[in-house]
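Chemist: next comes the sequence, and after it the predicted model I'd like to discuss.
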Amino acid sequence: MIVIFNRKLNDLEKSELREKLEKENLNPYFLEEETGKTVLITENKFPTSLLDEKVIERTMEIDTPFQLVHRSFRPQGTVIKVKGVEIGGDNLTVMAGPCAVESEEQLFETAEIVKRAGVHVLRGGAFKPRTSPYSFQGLGEKGLEILARAGEKFGLPVVTEATSPEIADLVAQYADIIQIGARNMQNFELLKKVGFLKKPVLLKRGLSSTIEDWLLAAEYILSWGNFQVILCERGIRTIEKFTRNTLDLTAIPVVKDLSHLPVIVDPSHGTGLREKVIPMARAAVACGADGVMVEVHPHPEKALSDGPQSLYPEQFKKLMNDLEVISILVGKELKKSDIPERLEVKSKPGPLNVRVAFLGERGSFSSQVARRTFGERAELLPCSNFREIFEKVKQEEATYGLIPIENTITGSIHNNYDLLLEFPDLYVVGERFIRVSQHLGLYPGTKKDEIQVLFAHPQGFAQCARFIESLQGVRVINVGSTEEAARRTGEFGIGGACVSSEEAIKKYHLELKEEEIEDNPRNFTRFLIISSYFSPSSQDDKVSCVFAVNNYPGALYEALQVFAVRKVNLLKLESRPRPGKPWEYLFYVDWEGNLKENIYEDMIKELSTKTSFWRILGSYKNSWKKS
Ligand code: PEP
Ligand code: MN
């Protein structure tokens, strides 16, 4: 049982309480939460009449032995922040590096490889708990020094293992996250020590530990007032011998339900087989993990430990791309370094006051994309129409604008293509995708056959056309956004219903009646990030442009040949009436490449001679890479 007091209790109050509870055969445990409030935990329940009501904020009866770790203690989930990297919540975090720090050269080479691929945390063992005493034991403190320097140079937080309470003191001086290895998961003195040190901890699951053992090990750390614990599933011992361990991915959805702590997966130790690391990392993200940790080595065949399970650099790059796409399906964002880089280049306004204009209110799909892309610190500026987004960015009231541009079911949002033309000073600097799931929300107390009106955004109607046809005799009302659909339902009262997002349905306390009612589950919306600041880079791999051709046979063919002869891949081609010029058409083209390399510069020059009008709309990183 947990009792949270509404303030910090003093020592006298605690000892009086202790005496009283001990008389009831209870063993009270006190700790101070980060907020300073006192928390009391006991293994067994007791009547709260034993306590002074005036000082109690909340009591919780939790029917599992782990209590502070239990989801109900922090239902919203814990997000751990380490040097600008967020672990948990909507973030998909990738930690990578060699099994062991072997030399400065090896670690710096690996750090550069993983950083370029967009990794968030650098790993590397300095104290290695090897099964055999004759195997390489790690470089010790020298390894920690190298790791810390690499982290500094590449701007990455670092994680490394502590194998004893004494070593934990040393590790804490160099590492941003202290790892507790599988073999030490129940080293209770070590757990207490890292609880005391109050630094983020990565707690691996023990080789033969149940989920309950694992969560109780985490409970030790939390019970010392350190709530910054990341759980890591790394495979357990089973009868299976072909793989090094059996990666228990079932544990992920189980632990996500049981606990508020972020959970990541280590498929390297989980499988022990390099070729199996990528498929299991993908599966880990698909089943809800908050991240993965993998071993990468520039020359795995020469590695001093765990070479056979270490990825080659190219494999790691591919893995990052795969995870970026899968994260979209599970509503998470793998933030590679593209957006932050742009923010650093832009001096006015700085990264601390990023303002993002988007359509609708909080709860709209746009606001979800904005949050995931720009994080908690960005200020969100809700707009009531697309033009307002463009105006705000143009007048520099907003650093960025977020506009939906196409949906996989309903096609392009033409209005925004026209606005991109109308605002020639604004450029596309990024793209984002979101899986759109529409749900049926009902005003509480309304039955499905009692619906009188159904509110939805036109895109919502179009995506759920078949479902809506099945609701016969219902009046449908178009509204401006997903969020408005839910709000209007709340205002309408009994008989009101909406097609809306889960977030908006919850926001207005409606009943979530039916989930995923869209006609096709492959329902994705692509958003463009627009900005008045444009700094094309050779790292970009996607360019958007628009052109018109003269009216003679073969004119379009000639324009497209410019791409074909250079083997430049077109990702999209769409024609659209030219605003204000009847029966003239524009061609919107997205292609793979950038605006910096010579081959593309020549191509654009030639394109200008084959078209009657052309313009670059932007260049950015492709966020939906095929593997
Ligand atoms: C490691 O990550 O370096 C390691 C030794 O892992 P585990 O404790 O899971 O075996
Ligand atoms: Mn290893």
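Modeler: In hand now; what should we look at? Ligands and ions are numbered 1, 2, ... in the order given.
Chemist: show me the shaky parts of the protein.
Modeler: 337-352, 626-627 (pLDDT under 70).
Chemist: find the closest residue to ligand 1 in it.
Modeler: The chain approaches ligand 1 most closely through G181 (3.0 Å), counting by C-beta to the nearest ligand atom. The way it works is simple: take the backbone N, C-alpha and C, and place the C-beta from them, glycine included.
Chemist: list the contacts for that residue?
Modeler: 129, 161, 163, 204 (C-beta atoms under 8 Å, 6 or more residues apart in numbering).
Chemist: please apply the same query to A555.
Modeler: Going by C-beta under 8 Å, 6+ apart, the list of residues near A555 reads 549, 610.
Chemist: could you tell me how many residues sit around the closest residue to ligand 2 within the stretch 401-550 of the chain?
Modeler: Using C-beta to the ion, Q539 is the residue of the stretch 401-550 of the chain that sits closest to ligand 2, at 31.0 Å. For Q539, the count of nearby residues is 14 (other C-beta atoms under 10 Å).
Chemist: now do the closest residue to ligand 2 within the stretch 51-200 of the chain: how many residues are near it, please.
Modeler: Closest approach between the stretch 51-200 of the chain and ligand 2, counting by C-beta to the ion: C99, at 3.2 Å. Residues lying near C99 (other C-beta under 10 Å) number 24.
Chemist: that one contacts A303, doesn't it?
Modeler: Yes - using C-beta atoms under 8 Å, C99 is in contact with A303, at 6.7 Å.
Chemist: quick one: the residue nearest to F524 when sequence neighbours are not counted from F73, how far?
Modeler: Distances taken as C-beta to C-beta, 6 or more residues apart in numbering put T408 closest to F524, at 4.7 Å, once the chain neighbours are dropped. Separation of T408 from F73 (C-beta to C-beta, to the nearest Å) stands at 39 Å.
Chemist: these two: who's more crowded?
Modeler: F73 (20 against 15).
Chemist: now that one, what are its backbone angles?
Modeler: phi -70, psi -40 (degrees, to the nearest 10).
Chemist: and the residue of the stretch 401-550 of the chain closest to ligand 2, helix, strand or coil?
Modeler: coil (DSSP: H, G, I helix; E, B strand; the rest coil).
Chemist: going forward, the N-terminal residue is numbered 423.
Modeler: Sure thing, new numbering starts at 423, so read that last one as Q961.
Chemist: you'd agree it is up against K1043?
Modeler: Yes - at 7.1 Å, Q961 and K1043 qualify as touching, with contact defined as C-beta under 8 Å.
Chemist: let me know how buried L751 is, in neighbour terms.
Modeler: Applying other C-beta under 10 Å, we find 14 residues neighbouring L751.
Chemist: tell me which residues form a beta bridge with the closest residue to it other than its chain neighbours?
Modeler: The shortest distance from L751 to any residue other than its chain neighbours is 5.6 Å, reached at R857 (C-beta to C-beta, 6+ apart). Beta bridges link R857 to F946, judged by DSSP bridges.
Chemist: quick one, what contacts R857?
Modeler: With C-beta under 8 Å, 6+ apart, R857 has these contacts: 750-751, 753, 945-946.
Chemist: what of G713?
Modeler: By C-beta under 8 Å, 6+ apart, the neighbours of G713 are 509, 513-517, 542, 684, 686-687.
Chemist: now, those residues that are in strands?
Modeler: In strands, judged by DSSP state E, the following of these are found: 509, 515-517, 686-687.
Chemist: A strand includes K989, no?
Modeler: No - counting by three-state DSSP, K989 is not found in a strand; it is coil.
Chemist: for it, give me phi and psi.
Modeler: According to degrees, to the nearest 10, K989 has phi 60, psi 40.
Chemist: next: H542.
Modeler: Backbone torsions of H542, given as degrees, to the nearest 10, read phi -110, psi -40.
Chemist: what's the neighbour count on it?
Modeler: Around H542 there are 25 other residues, counting by other C-beta under 10 Å.
Chemist: for it, list the residues it contacts.
Modeler: Contact partners of H542, counting by C-beta under 8 Å, 6+ apart, are 507, 515-517, 578-579, 713, 757.
Chemist: list the buried residues for stretch 978-990?
Modeler: 978, 980-982, 984-985, 990 (16 or more other C-beta atoms under 10 Å).
Chemist: can you list the residues of this protein near ligand 1?
Modeler: Selection of the chain residues close to ligand 1 by C-beta under 6 Å from any ligand atom yields 521, 547, 551, 583, 603-605, 626, 656, 691.
Chemist: please redo it, this time with the cut-off set to 8 Å
Modeler: By the criterion of C-beta under 8 Å from any ligand atom, the positions of the chain lying close to ligand 1 are 521-522, 545, 547, 550-551, 583, 601, 603-606, 626-627, 629, 654, 656-657, 688, 690-691, 715, 717, 728.
Chemist: my guess is Q885 meets D941, correct?
Modeler: Yes - counting by C-beta under 8 Å, Q885 sits close enough to D941 to count as a contact (6.6 Å).
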